[in-house]
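Student: this one's structure only:
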């Protein structure tokens, strides 16, 4: 595991018009761990891929306000797989000083998830919760339908969500669920989509919901739902090869990524971070930023922004 780099004082320097983000989240999804770690589908080492993803997240040097996993935490819902997930994630979360928000996915089993990850009674009750991150509220919804792979939100959960949203949060609310309320061009995901999405739209209409985080698709995408931006994180286990006709899209052991969610006063950004080892130039650095910070705005323009012809 890559150790967390020491915070760089120059990293908070801003040369543009935007102040630093108010809050930052790490958004990961679809770990699909298996008890004993056999290759998933005979192909994918999900534990190793998760380890690579967590190491890449730590290497950013960012200390997030929370780490959000949007579902399919395990592939078969095995208690041992949830224990392995905790063993992999909790040391990273402790080093980063960030709480972990677990969201249930269609491959998860509520009883084992509740008992092994949350220390709760092993029931079929939905896995929901609300977190106050110093003014930013994150609400986890459970879009799973026990025994099925499509998604749904029952009346009780939507009523609970409405009650939570009745009081606005100072920095607004981010919803996290597994099944994204978005269309997909891949036919498989049409079958497995979140059902009756208008009911969710009715609940969040006029509230302080600023963004929706989701997973499920095994590829990163984005859109809007009821006027709210939706960001889907790719998977850590394997991803969908979209460089194929839609009816031939299948999994590949490449292209894994996670997202950095930066919350500003007037917008929220979702940066896709590839989990890859590639030669990278070393022109910019903390030292370079510190030097630029000592110059006047006009001097920086002279040094850096003017086109060279």
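Tutor: Received, thanks. Bear in mind that the values here come from a model prediction, so they are computed numbers and not experimental data.
Student: what's in contact with the least confident helix or strand in the chain by mean pLDDT?
Tutor: Scoring the helices and strands of the chain by mean pLDDT, DSSP states H and E places helix 297-300 at the bottom, with a mean of 85. Residues from elsewhere that reach helix 297-300 (Cβ atoms under 8 Å, 6 or more residues apart in numbering): 15, 292. No exception for glycine: its C-beta is placed from N, CA and C like everyone else's.
Student: mind running it again at 10 Å?
Tutor: 15, 291, 292, 293, 294, 305 (Cβ atoms under 10 Å, 6 or more residues apart in numbering).
Student: With stretch 33-43 instead?
Tutor: The contact list for stretch 33-43 (Cβ under 10 Å, 6+ apart) reads 32, 44-50, 72-85, 88, 107, 236-238, 251-253.
Student: go on, stretch 74-88?
Tutor: By Cβ under 10 Å, 6+ apart, stretch 74-88 touches 1, 30-38, 40-41, 44, 46-47, 50-51, 53-54, 69, 73, 93, 100, 102, 104-105, 107-118, 122, 237.
Student: 8 Å instead, please
Tutor: 31-37, 40, 46-47, 50-51, 54, 73, 107-109, 112-113, 115-117, 237.
Student: Buried ones among the residues you listed?
Tutor: 31-35, 40, 46-47, 50-51, 54, 73, 107-109, 112-113, 115-117, 237 (16 or more other Cβ atoms under 10 Å).
Student: Can you give me the separation between residue 289 and residue 98?
Tutor: According to Cβ to Cβ, to the nearest Å, residue 289 stands 24 Å off from residue 98.
Student: Of these two, which one has the most company?
Tutor: The residue with more neighbours, out of residue 289 and residue 98, is residue 98; 20 against 16, by other Cβ atoms under 10 Å.
Student: on that earlier part again, please, a PyMOL command that selects the buried ones among the contacts of stretch 33-43?
Tutor: In PyMOL syntax, the buried subset of the contacts of stretch 33-43 is picked out as below (16+ other Cβ under 10 Å):
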select buried, resi 32+44+45+46+47+49+50+72+73+74+75+77+78+79+80+81+82+83+84+85+88+107+236+237+238+251+252
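Student: Mind checking which of the contacts of stretch 33-43 land in strands?
Tutor: 251, 252 (DSSP state E).
Student: related to what we said a few turns ago, in helices, which of the contacts of helix 297-300 appear?
Tutor: Using DSSP state H, the members of the contacts of helix 297-300 that fall in helices are 291, 292, 293.
Student: Surely residue 67 touches residue 95?
Tutor: No. With contacts counted by Cβ atoms under 8 Å, residue 67 stays clear of residue 95, the gap being 11.2 Å.
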